[in-house]
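Colleague: Predicted coordinates and the sequence they were generated for:
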Amino acid sequence: MQTIDFSDFQRIDLRIGTIVQVENFSKARKPAYKLWVDLGDLGIRKSSAQITEVYDLEELIGKQVICVCNFPPKQIADFMSEVLVTGFKNKDGNVVLSTVDFPVPNGEKLH
């Protein structure tokens with residue numbers, strides 16, 4: 001594993017946001033959802049996530065997730081993803097979202 005300096009870590013803008021809207025993303029190559037995430041002062045940003053094997057639409061609303069906010073926007077089919085929602089693969093290879101144990105203000109940075 002390559003090591004990085006603390007200054008490298010500081011360049012990554014990791015923030016918490018709350019999912020406020022979810023839709024099926026029928027035009028994605030692999031099953032996915034379109035997510036709208038409230039990131040506080042950054043506003044509501046869009047993301048696409050291949051998490052349909054683990055999550056139902058309804059259970060995602062109100063979930064706080066950790067996002068990378070300073071990647072450039074990425075066009076995915078007819079949808080512009082503005083942040084990267086983070087997660088880890090479970091034992092079945094499906095992504096489980098990165099979240100927090102207790103609610104924190106939207107837009108708060110990871111320390």
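Modeller: Everything's here; your move.
Colleague: Quick check: phi and psi at the closest residue in space to Val37 that isn't next to it in sequence.
Modeller: The spatial neighbour of Val37 that comes closest, neighbours along the chain excluded (Cβ to Cβ, 6 or more residues apart in numbering), is Gly17 at 3.9 Å. All C-beta spots, glycine's among them, are computed from the backbone N, C-alpha and C. Dihedral pair for Gly17: phi -150, psi 160, per degrees, to the nearest 10.
Colleague: What separation do you get for Gly17 and Asn90?
Modeller: Using Cβ to Cβ, to the nearest Å, Gly17 is found at 22 Å from Asn90.
Colleague: same check, this time on Gln2
Modeller: 25 Å.
Colleague: Neighbour count: these two, which is higher?
Modeller: Taking other Cβ atoms under 10 Å, Gln2 and Asn90 do not tie; Asn90 has more neighbours (11 against 3).
Colleague: centroid residue for the chain?
Modeller: For the chain, Val85 is the residue whose C-alpha lies nearest the centre (Cα atoms, centre = their mean; 1.5 Å).
Colleague: dump the residue contacts of that residue.
Modeller: Contacts for Val85 (Cβ atoms under 8 Å, 6 or more residues apart in numbering) come out as Leu35, Val37, Ser47, Ala49, Val65, Ile66, Cys67, Leu97, Ser98.
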